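**Q** Test case, fold it:
(one chain, ligands or ions: 3)
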Amino acid sequence: MKVSSVIDFLVRDRSRVGLTAMGTIGILAIASGPMQAANLRFASFNASLNRNTEGQLITDLLSAPDNDQAQAVAEIIQRVNPDVLLINEFDYVENGTAAELFQENYLSVGQNGATPVEYQYRYVAPSNTGIPSGFDLDNNGSVGGPNDALGFGLFPGQYGMALYSKYPILTEEIRTFQKFLWKDMPNALLPDNPATPEPQDWYSEEELDVVRLSSKSHWDVPIEVDGSVVHALVSHPTPPVFDGLEDRNGRRNFDEIRLWADYITPGQGDYIYDDSGTVGGLGADKSFVIMGDQNADPFDGDSYPGAIQQLLNNPRVNTSVTPSSLGGVQQASLQGGVNLNHQGNPAFDTADFADNSSGNLRVDYVLPSQDLEIVDAAVFWPKSDDPQFPLVGTFPFPSSDHRLVWADVEVQQEQVSVPEPYVGLFSLGILGLVGYRYRRKPCPEGR
Ligand SMILES: [Ca+2]
Ligand SMILES: [Ca+2]
Ligand SMILES: [Ca+2]
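**A** Numbers count the residues shown, from 1 in each chain. Ligands and ions are numbered 1, 2, ... in the order given. Prediction:
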């Protein structure tokens, strides 16, 4: 369209000129306005809402809205009031029934005077836990049971995950990595059977065709925040213990963490395929928050060397603020044992494990991308004289052996960008309006 005809088009009809000009001014005002930021609280909580039999979680959440443990978990969530919340150890139930019941019967009910918290958006998906592999994966001479499942579990979906959000989840763009095979990771740390001379032969060729990397699942869940998108990268790598010299769980834990490290690193994620067959990692310009119980402490415990450093030392991960608590420091001191020999700062601990084995560790993480400024962060672990201390307590725990971890991050609202050809067109619209008014001004209305 020629410039003259554009102006002609704009001035021909006065109402059209008015609307066009108003729209133009409005859009230009947004485009030239200051960048706005939304402050979002992301939280990761291994809430121990798993049960030992299939369906028990439904029974607990449905028929007993006064289940003590679920109430304590709900009150912690209400006291912290996250905008986006990952719950680890939440049994997977088809159609999200358990996640819905937990919202309705617990989160939507003010616990102990706390304000209810409403999540309009939820996501759950199947977990590898408890799915029979058909093989003797733990090499104990028999097939079956939780150790031979695709992920440790007594029934399919035990120890699953649930994601709750106050902001819209872009469901169509979710990627899951439940079925990614461990052997398909380049230079995978596949375990070795020390009794044979061949390397990395704990699993047979036939077993490697079914052995999945993720012990539960890995989800990339894009969340829309006022026009911007933040990818929640959530998972729950297997504990690096409960195995033998072959260290199959420690090695799997390392590679489960590595999947996200490669996923966010430009050029490193090309081998990764999701459950719908799409290949590749996360774009270098994408914002993300990695959340989950990674079952790896930077200094203490039994994880494979460097496991969590794959994320903590990744240049794309923002570690400017480490979530901390006063209660973690106090409990490490009170509980003693191996805690006294730990290298890590107990203020960063997120789990209260037995003090004659691993002791209290930092295993739960909320790790934003570098472009998301961390405004504040903490571990919900009050000191023993705090009125909220009974929510976390000491063993046997009223809620969970893990503590909720949160971080407040600033998400820049997407600047409204007008494609250049349209900027030109809108500018012409204003010129047209000016010209129209200039020409019309001396003339009486209705001529
Ligand atoms: Ca077995
Ligand atoms: Ca061997
Ligand atoms: Ca402890």
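
**Q** What distance do you get for the residue nearest to Asp184 when sequence neighbours are not counted to ligand 3?
**A** Nearest residue to Asp184 in three dimensions, chain neighbours excluded: Tyr271, at 6.7 Å (Cβ to Cβ, 6 or more residues apart in numbering). For the C-beta atoms, the positions are set from N, CA and C on the backbone; glycine is no exception. Distance, Tyr271 to ligand 3, by Cβ to the ion, to the nearest Å: 39 Å.

**Q** and the gap between Tyr271 and ligand 2?
**A** As judged by Cβ to the ion, Tyr271 and ligand 2 stand 25 Å apart.

**Q** need the contact list for that residue.
**A** 184-186, 262, 279 (Cβ atoms under 8 Å, 6 or more residues apart in numbering).

**Q** that's a strand at it, yeah?
**A** No. Under DSSP: H, G, I helix; E, B strand; the rest coil, Tyr271 falls outside any strand and is assigned coil.

**Q** Quick check: phi and psi at it.
**A** Main-chain torsions, Tyr271, degrees, to the nearest 10: phi -80, psi -10.

**Q** So which residues on the stretch 101-250 of the chain come close to ligand 1?
**A** For the stretch 101-250 of the chain, the residues in contact with ligand 1 (Cβ under 5 Å from the ion) are 136, 138, 140, 148.

**Q** Excluding chain neighbours, what is closest to the second one?
**A** Distances taken as Cβ to Cβ, 6+ apart place Asn147 nearest to Asp138, at 4.0 Å, with adjacent residues excluded.

**Q** residues near that neighbour, how many?
**A** For Asn147, the neighbour count with other Cβ atoms under 10 Å is 17.

**Q** Does it touch Asn140 like I think?
**A** Yes. Asn147 is in contact with Asn140 according to Cβ atoms under 8 Å; the separation is 7.2 Å.

**Q** Might you report the residue contacts of the residue of the stretch 151-300 of the chain found nearest ligand 3?
**A** Residue of the stretch 151-300 of the chain nearest ligand 3, by Cβ to the ion: Asp300 (12.0 Å). By Cβ under 8 Å, 6+ apart, the contact list for Asp300 reads 338, 342-344, 358-359, 361.

**Q** Leaving out chain neighbours, which residue sits closest to it?
**A** Nearest to Asp300 is His342, by Cβ to Cβ, 6+ apart, at 4.6 Å.

**Q** Was I right to think the one you found contacts Ser358?
**A** No. Under the criterion of Cβ under 8 Å, His342 is not in contact with Ser358, lying 9.6 Å apart.

**Q** residue ranges of the strands in the stretch 151-300 of the chain, please?
**A** 161-165, 175-176, 219-225, 228-235, 287-293 (DSSP state E, counting those that start in this stretch).

**Q** and the fourth one, how far from the chain's centre?
**A** Relative to its parent chain, strand 228-235 has a centroid offset of 6 Å by Cα atoms, centre = their mean, to the nearest Å.
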